[in-house]
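Student: okay, structure incoming, though there's no sequence with it:
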RNA sequence: GGAGAGAUACCCAAGUGGCUGAAGGGGCGGGUUUGCUAAACCUGUAGUAGGGCAUAUUGCUCUAGCGAGGGUUCGAAUCCCUCUCUCUCCGCCA
């Protein structure tokens, strides 16, 4: 959410942002509703001031035993009270409507964000690693995984339906190895503090990080409860600090969290139906930062590097994409996606998404800090990034590390997590 | 799931409709005394949000705010209703 005063004074800028992003919000209604709201506030507060003054007087008169004089004022105040009630109700409606409008206005993109409508306008910032030349026809991870009996799509479909998969044997172990490897790197080399969050949250948390109200369809809601399954650990971890004023000594806060992630994938019918690229449930290691505004882009750079480190250690070729306005996401001011090379697709696929939300989430979730003990509270900047999506990493390893005989070499850095095992092969 | 107790400011805590503009204590800030520290005494201490007015670094003023949301009333921390969370006991459970 943006600052109310900022929106009021920058209507034209907001309109430009909406058009750059290729999205819409009821911005014309904003001015009208805001205006009316402020008029009502003035009127109702004027009446409340009168009421407070007169009520004090009534109290005094009663104590002095002048009941008749008091009674006279009480008569008059009855009318004022009715008026206040009426105006308060009206004001409430305008406040709610204004809030609805504010929740639909996306973040202002950073000046370095390329303007564009969709993914074709994203700009490649850098590439890393060498794409392997295969002396044979590389197989897709779903074929390899099935042949090695480490991925079982049929069982997943049988038990839960489409977009669910069983990992079996060394596949399950490799998944676990990846989680531990990534957590260890971020803990030991990047100074993050580990958090293991709840996988279900209530509505306020989904609102706080911006998944609601705009993206309700993307989330799984538990029927008969107020709980949502988290689409990312970003939601519980960011909301840990909701409605809190942090001390300067607390900052910066770096958290890394493993969680399962649940996504309805509404509107993705027919996309990536094979393999483990797009599942309703997947694992992810997520990095979340809370920082002072002055440092946020420096911290952002570090965060992206932290995610890249994982890919480099795994020796997986990737590229870094600067996401354009149309592909930025509602809450982000700037976003880099890391895309890993997948031989069977012959393209790069997103494996990490790193965003700087600046104060957009913080304002919504009311996460502030005090720069000095007596100073006014300011909003922190929140940042997060996958470090990395485990399922897609698994797919990338299976495909990039495959051998002609259908076995998979285990990346060196993972071998200590696999009891020293060097290959997964058919036996 | 059942029974009970609670939620007041940075912390502890008093407070049964108007003198609460929230007592008192602790902590923290300022001051007096003092060779330093300590102590004693005096004094300040609602952060925040939303309005309005003037300045345009800032200041003044109003409204809201005693877990949250409603209600009663001229007036609610106080009375009533709903909800959330915490604690104790019982039951169940990993």
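Tutor: Alright, I've got the coordinates. The model shown is predicted, which means the values in this text are computed figures rather than measured ones.

Student: list the residues that contact residue A:190.
Tutor: A:254, A:256, A:287, A:306, A:309 (CB atoms under 8 Å, 6 or more residues apart in numbering). (Glycine included, C-beta is placed from N, CA and C.)

Student: which ones among these are found in strands?
Tutor: Judged by DSSP state E, the contacts of residue A:190 include A:254, A:256, A:287 as members of strands.

Student: I'd like those residues laid out as CSV, including distance to RNA strand B, pLDDT and neighbour count.
Tutor: Output for these, formatted as CSV (distance: CB to the nearest atom of the strand, whole Å; pLDDT from 0 to 100; neighbours: other CB atoms under 10 Å):
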residue, distance to RNA strand B, pLDDT, neighbour count
A:254, 25, 96, 20
A:256, 23, 97, 25
A:287, 27, 98, 28
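
Student: OK, now which residue of the stretch 101-250 of chain A is nearest to RNA strand B?
Tutor: Residue nearest to RNA strand B within the stretch 101-250 of chain A (CB to the nearest atom of the strand): residue A:245, separated by 6.2 Å.

Student: surely that residue and residue A:370 touch.
Tutor: Yes: counting by CB atoms under 8 Å, residue A:370 is a contact partner of residue A:245 at 6.1 Å.

Student: shared neighbours of those two, anything?
Tutor: Taking CB under 8 Å, 6+ apart as the contact rule, residue A:245 and residue A:370 both touch residue A:377.

Student: what does the stretch 301-427 of chain A have sitting close to RNA strand B?
Tutor: A:376-377 (CB under 7 Å from any atom of the strand).

Student: just want the residue of the stretch 301-427 of chain A that's nearest RNA strand B.
Tutor: Closest point on the stretch 301-427 of chain A to RNA strand B, by CB to the nearest atom of the strand, is residue A:376, at 4.0 Å.

Student: any idea which element residue A:62 lies in?
Tutor: Secondary structure assignment for residue A:62, by DSSP states H and E: helix A:27-63.

Student: mind giving me the packing neighbours of that helix?
Tutor: In terms of contacts (3 or more CB pairs under 8 Å, 6 or more residues apart in numbering; DSSP states H and E), helix A:27-63 is packed against helix A:4-9, helix A:11-21, helix A:67-103.

Student: cutoff 6 Å now
Tutor: In this structure, helix A:27-63 makes packing contacts with helix A:67-103, judged by 3 or more CB pairs under 6 Å, 6 or more residues apart in numbering; DSSP states H and E.

Student: now the element after the helix it packs on, going C-ward?
Tutor: strand A:123-128.

Student: relative to the whole chain's centre, how far out is the lowest-mean-pLDDT helix or strand in chain A?
Tutor: One helix or strand of chain A scores below all others by mean pLDDT, DSSP states H and E: strand A:244-247, with a mean of 84. Averaging C-alpha positions (CA atoms, centre = their mean, to the nearest Å) puts strand A:244-247 20 Å from its chain's average.

Student: so which elements touch it?
Tutor: So strand A:244-247, by 3+ CB pairs under 6 Å, 6+ apart, packs with no helix or strand.

Student: check which helix or strand residue A:337 maps to.
Tutor: strand A:334-342.

Student: measure residue A:225 to residue A:370 for me?
Tutor: 36 Å (CB to CB, to the nearest Å).

Student: so for those two, which residue has more residues nearby?
Tutor: For residue A:225 versus residue A:370, neighbours defined as other CB atoms under 10 Å are more numerous around residue A:370 (16 against 9).

Student: count of neighbours near the residue nearest to that one when sequence neighbours are not counted?
Tutor: Residue nearest to residue A:370 in three dimensions, not counting chain neighbours: residue A:377, with 5.4 Å by CB to CB, 6 or more residues apart in numbering. Residues lying near residue A:377 (other CB under 10 Å) number 14.

Student: what's the answer for residue A:170, then?
Tutor: 19.

Student: nearest residue to it other than its sequence neighbours?
Tutor: residue A:424 (4.8 Å).
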